[in-house]
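**Student:** okay, structure incoming, though there's no sequence with it:
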C-alpha cells in the first residue's frame with residue numbers, strides 16, 4: 001500500500017470511529033503476488049466484531065467497481081471499499097452487492113452478520129482539480145473527447161485543436177504537456193517528420209467515460225422531464241428524423257445504433273430552448289422523470305455523428321459507465337461497430 005492509500009485508510013477509519021462509534025483495527029497489509037486486498041481490518045462495536053478485506057482507492061471508477069464485485073463473488077470474505085469520494089450511483093451499486101464502503105468524510109455502509117450502519121448525511125466534495133490535473137477538469141474532458149474522436153488533430157495547429165474541441169486556445173498547450181507527462185501521447189515519426197501518437201486509446205476512453213459521467217455530464221444537464229402522454233413515450237423514435245436540432249444519447253442512442261435496447265431513460269442533447277423542446281416533444285418537468293435534456297459540449301461542426309444520435313463514442317461512454325449490465329453489453333456492440 002502506498003502513502004496516498006495510507007492517507008485515505010487511516011483518516012477514514014478514524015472518522016468511522018467518530019461518527020459511528022466503531023473501533024477499527026488494521027490486522028494486516030497483504031503483499032506480493034496474488035494479494036486479494038490492500039488491508040484486512042477488524043470492526044468492533046460493543047461485543048460484536050467483523051473482519052473485512054479492504055480495497056483502498058484514490059480514485060473510484062467503473063473498472064474498480066467491477067473488480068471489487070468480482071472478488072466479492074469469488075471469495076467468502078466480505079469486502080469494503082475505502083475512498084475519499086464515491087459517486088452516488090456507485091454507492092447504490094455497492095449496496096446492491098452487499099459490499100461495504102467508507103468515505104473519508106464518514107459516510108458509510110456497513111452490513112455484516114453482526115452489525116448494520118448507514119451514514120449518508122456527511123458533506124463530501126467531489127475531488128478538486130489542481131494545476132497538475134487540468135486534463136480531467138471539464139475543459140480537459142472536452143479536449144480529450146476531440147482527440148479520442150480524431151487522434152490526428154494532435155498534429156495540427158493549437159488553434160485548430162482549440163476549435164475542434166471547443167476549448168480556449170490558451171489551454172491546449174497545458175493539455176498536450178499533461179498528456180505527454182502521463183504517457184497518453186508519445187513522439188514518433190511519419191514520413192521523416194516528428195509526429196504525436198495517441199497511446200492506450202482504449203484505457204483513456206474508459207477513464208474518459210467515467211470522468212465524463214461524474215465531472216462534465218452533470219454540468220450539461222438542463223433538467224428532467226416525462227412525456228405527457230403514453231403514446232409520446234412509445235413513439236419517441238419518431239423525433240429522430242423529425243427535428244434536426246435533437247440528438248439522442250444514452251440508451252436511446254443505443255437503440256438507434258444497434259436495435260437491441262429498449263430504453264428506460266430517454267436522453268436528449270440539444271441547444272434549443274428548453275420550453276420550445278417541451279412544447280414540441282410534449283414534455284412536462286418531473287424531478288425523477290425518465291426524459292433528460294442536456295446541452296452538447298462538443299463542436300458539432302467537427303464531430304462524427306450517428307443517425308440522429310450523439311457521436312457513437314459518446315453513446316458508448318454513457319452506456320459503458322452506467323453500471324447497468326444490459327447497457328454495457330450494448331456499449332460493447334457500439335464500440336465494435338462504430339468506435340474501434
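**Tutor:** Arrived safely, thanks for sending. Being a predicted model, the structure only gives us computed values, none of them experimental.
**Student:** what packs against the helix or strand harbouring residue 292?
**Tutor:** If you go by DSSP states H and E, residue 292 is part of strand 291-294. Using 3 or more Cβ pairs under 8 Å, 6 or more residues apart in numbering; DSSP states H and E, the elements in contact with strand 291-294 are strand 221-227, strand 266-269, helix 274-281. (C-beta placed from N, C-alpha, C; glycine too.)
**Student:** in its sheet, what does whichever strand in the chain runs longest sit against?
**Tutor:** Using DSSP state E, we find that the single longest strand of the chain is strand 48-57. The strands beside strand 48-57 in its sheet (DSSP bridges) come out as strand 39-45 (antiparallel), strand 79-83 (parallel).
**Student:** could those go into a markdown table alongside distance to residue 227, mean pLDDT and mean neighbour count?
**Tutor:** Below are these laid out as a markdown table (distance: least, Cβ to Cβ, whole Å; pLDDT from 0 to 100; neighbours: other Cβ atoms under 10 Å):
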| stretch | distance to residue 227 | mean pLDDT | mean neighbour count |
| --- | --- | --- | --- |
| strand 39-45 | 47 | 94 | 19 |
| strand 79-83 | 37 | 94 | 24 |
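**Student:** mind putting these in JSON lines, distance to residue 213 included?
**Tutor:** Listed next are the strands paired with strand 48-57 as JSON lines, based on distance: least, Cβ to Cβ, whole Å:
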{"stretch": "strand 39-45", "distance to residue 213": "28"}
{"stretch": "strand 79-83", "distance to residue 213": "16"}
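**Student:** pull the residues that contact the longest strand of the chain.
**Tutor:** For strand 48-57, the surrounding residues in contact (Cβ atoms under 8 Å, 6 or more residues apart in numbering) are 1, 5, 8-9, 27, 36-43, 64, 67-68, 71, 75, 77-83, 100, 110, 112-115.
**Student:** buried residues, it. List them.
**Tutor:** 50, 52, 53, 54, 55, 56, 57 (16 or more other Cβ atoms under 10 Å).
**Student:** next: stretch 2-13.
**Tutor:** Residues 5, 8, 9, 11, 12, 13 are the ones in stretch 2-13 that count as buried (16+ other Cβ under 10 Å).
**Student:** what packs against the helix or strand where the second one lies?
**Tutor:** Per DSSP H and E: residue 8 is located in helix 3-20. Packed against helix 3-20 by the contact rule (3+ Cβ pairs under 8 Å, 6+ apart) you find strand 23-28, strand 39-45, strand 48-57, strand 79-83, strand 100-103, strand 108-111, strand 116-119.
**Student:** how about a cut-off of 6 Å?
**Tutor:** On a contact count with 3 or more Cβ pairs under 6 Å, 6 or more residues apart in numbering; DSSP states H and E, helix 3-20 meets strand 48-57.
**Student:** tell me the mean pLDDT for whichever helix or strand comes after the strand it packs on?
**Tutor:** The helix or strand immediately downstream of strand 48-57 is helix 62-74, counting by DSSP H and E. For helix 62-74, the mean per-residue pLDDT is 82.
**Student:** give me the angle between helix 62-74 and strand 48-57.
**Tutor:** 140 degrees (axes from the mean of the first three to the mean of the last three Cα atoms, to 10 degrees).
**Student:** any idea of the pLDDT on the residue of the chain most remote from its centre?
**Tutor:** The C-alpha centroid of the chain is most remote from residue 47, which lies 39.8 Å away (Cα atoms, centre = their mean). For residue 47, the pLDDT comes out at 89.
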